[in-house]
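Undergrad: this is the structure alone, sequence omitted:
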């Protein structure tokens, strides 16, 4: 769940019942999991991807939603979550907004394929391809290179 103030997400909350983890963030106040402050791990280089990409040579596929993949980046478990649009089937803003704020408040970056900030306030609620990452430029460049190969 995300709360917008105008065009900006200011509050986020995500609960994963399988793991009993409650992630939340408030703009400018950090990100938390079960009341413990979390942050991205700049040393992590591995990706977590959607199960749609299980045939690619990537280390970890997760069936849970985009929000949870973003939260795993924010908590330092993985370095990046690339989401690639498949046949016009992107995610909806409500699938991404909360996780994006949690990543940013944990010190990470959520961006378009070209590296620009992801705009979640759109007339069309479809979010196409994006990256959530620990924010290291080398990892973002690697994601961009990988995207060109798809």
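TA: On my side now, so go ahead. Every value quoted in this text rests on a predicted model; they were computed, and no experiment measured them.
Undergrad: where does the prediction get shaky in the protein?
TA: Regions of the chain meeting the criterion pLDDT under 70 cover residues 49-64, 86-90, 121-127, 148-150.
Undergrad: any buried residues in the longest strand seen in it, and which?
TA: Secondary structure assigned by DSSP state E gives strand 8-16 as the longest strand of the chain. Buried positions in strand 8-16, judged by neighbour count with 16 or more other CB atoms under 10 Å: 9, 11-14, 16. No exception for glycine: its C-beta is placed from N, CA and C like everyone else's.
Undergrad: now do the helices in the protein.
TA: With DSSP state H as the criterion, the chain has helices at 66-74, 93-105, 137-148.
Undergrad: quick one: which of those helices is nearest residue 46?
TA: Closest to residue 46 of the helices of the chain is helix 137-148 (CB to CB; 9.6 Å).
Undergrad: before we move on, the earlier item: please identify the most buried of the helices of the chain.
TA: helix 66-74 (a mean of 27; mean count of other CB atoms under 10 Å).
Undergrad: contacts only, for the spatially most central residue of the chain.
TA: Nearest to the geometric centre of the chain sits residue 70, at 3.2 Å (CA atoms, centre = their mean). Contact analysis of residue 70 by CB atoms under 8 Å, 6 or more residues apart in numbering lists 81, 96, 98-100, 102-103, 110, 132.
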